[in-house]
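1. generate coordinates for the sequence data below:
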Amino acid sequence: MNIIISAFFSELGAEAISRMTSSNLNLSALEVGLRVDSGWNEAEFKKASNIVKGFKFQVESTSIQLVSMREFLHANKPYLLRMFDNPNLLEHDAFTEMLWALLHVTEELESRESLEGLPKNDIAHLSNDVMRAYRFLTIEWVCYMKYLKKDYPYLFSLATRKNPYKGKSSVIIE
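-> Here you go, the predicted structure:
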């Protein structure tokens, strides 16, 4: 299962988080607790997990953000759907719930002919769908980072440099 999760975050998940962070109205409060680095230990991952699980996500998407998200998710929809083919996924597992939430956002965005000029209620509905997927993605991302730190330090190194909660992240080692 960890291989599936790793492939997901490499191919789709980390970029999905990055795109959704632009809609997060209280991002700075979340970033503080998720600046994962090589010095993190078990207690810091547990603290980060608790922060995310208790965090009050506030997502408000603009038409421009929704168009960008729709293009990205549409391009990656075949990969996302193939994830559901894996027999290792459990129906009510947290990772599977996250996949369902992300697929739902994809379908909601694809179902609208245009994302320009939508009524406020529809934008609020879509923002709520994005928030749900974003929350699940972030919870799973913290677990993923903990797994990489323990079992694959070389993958963890790159993942920390690409951390979507690190502000201006860079893969370049200075």
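
2. find the nearest non-adjacent residue to residue 158, please.
-> Distances taken as Cβ to Cβ, 6 or more residues apart in numbering put residue 171 closest to residue 158, at 6.6 Å, once the chain neighbours are dropped. Every residue, glycine included, has its C-beta placed from N, CA and C.

3. and that neighbour, how many residues sit next to it?
-> Using other Cβ atoms under 10 Å, residue 171 has 9 neighbouring residues.

4. how about residue 162, phi and psi?
-> Recorded main-chain torsions at residue 162 are phi -100, psi 10, according to degrees, to the nearest 10.

5. thought it was touching residue 14?
-> Yes: using Cβ atoms under 8 Å, residue 162 is in contact with residue 14, at 6.2 Å.

6. mind listing what residue 21 touches?
-> Shown in contact with residue 21 (Cβ atoms under 8 Å, 6 or more residues apart in numbering): 27, 134, 164-165.

7. dump these to TSV, plus pLDDT, distance to residue 51 and neighbour count.
-> Output for these, formatted as TSV (pLDDT from 0 to 100; distance: Cβ to Cβ, whole Å; neighbours: other Cβ atoms under 10 Å):
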residue	pLDDT	distance to residue 51	neighbour count
27	89	13	17
134	97	14	25
164	88	15	20
165	89	11	22
